[in-house]
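Engineer: The sequence and its predicted three-dimensional model are supplied below.
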Amino acid sequence: MESAPRVESFPPFADDRSRIVILGSMPGTASLRAYQYYGNPRNYLWRLLYALHDAGEPAERYEDRLAFAAGRGIALWDVLASCVRPGSLDSDIREAVPNDIPGLLRRYPGIRVLACNGSKSYGEIGRRYREAPELEGKTVIRLPSSSPIPTPSYRGFEDRLDAWRELLGPYLTK
């Protein structure tokens, strides 16, 4: 039996304008291959961000998508630095090594909201960093995953958008 590969997340995408960090768990295989945050064209993340800002369809170029996020105070990173995982499912993650989320918050003190993209990232933040002083006074939100895989509560894009609008909308810069 062949063992699953150890995969590594990307460096944080953040700058001094960042007010919200969207935290995934670990990029999926399509994103890792493309070396892009949410690089799987089926993932809803970019559509969600553009829709939340009434900005139409996401830009074609990845660099333009990143500029769009940065211009609205949105940073991107993953809770995990590396893990062993066959495929893209969070449920298959093993031997996880966390990223330095407290270090990110020290480097970018303007980040006030940690928006966890799915239950895995939310659970990891709570389990690993609940007592971290850097999280004191920050808002931690559990968003439904931007993955296109249907769940009992979230069947597609529209119901995810409604939830993201309700949970994250109050913190967005228009």
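Structural biologist: Cool, got the structure.
Engineer: Double-check that residue 22 belongs to a helix.
Structural biologist: No - applying DSSP: H, G, I helix; E, B strand; the rest coil, one finds residue 22 to be strand, outside a helix.
Engineer: Once you drop chain neighbours, what's closest to it?
Structural biologist: Distances taken as CB to CB, 6 or more residues apart in numbering put residue 115 closest to residue 22, at 4.8 Å, once the chain neighbours are dropped. C-beta: built from backbone N, CA, C; applies to glycine.
Engineer: Three-state assignment for the one you found, please.
Structural biologist: Applying three-state DSSP: residue 115 is strand.
Engineer: Please apply the same query to residue 167.
Structural biologist: helix.
Engineer: ok, it to residue 67 distance?
Structural biologist: Distance, residue 167 to residue 67, using CB to CB, to the nearest Å: 24 Å.
Engineer: Run through this protein and note the low-pLDDT ranges.
Structural biologist: For the chain, applying pLDDT under 70 flags the ranges 1-2, 89-91, 174.
Engineer: and residue 95, how many neighbours?
Structural biologist: 10 (other CB atoms under 10 Å).
Engineer: Isn't the residue nearest to residue 22 up against residue 23?
Structural biologist: Yes - between residue 115 and residue 23 there is a contact under CB atoms under 8 Å: 6.8 Å.
Engineer: which one of the two has more residues nearby?
Structural biologist: residue 23 (28 against 22).
Engineer: can you pull the contacts of the more buried one?
Structural biologist: Applying CB atoms under 8 Å, 6 or more residues apart in numbering, we find residue 23 in contact with 77, 78, 79, 101, 114, 115, 116, 117, 121, 125.
Engineer: Run a quick neighbour tally on the closest residue to it other than its chain neighbours.
Structural biologist: In this structure, residue 23 finds its nearest non-sequential neighbour in residue 121, 4.7 Å apart by CB to CB, 6+ apart. The number of residues packed near residue 121 is 26, by other CB under 10 Å.
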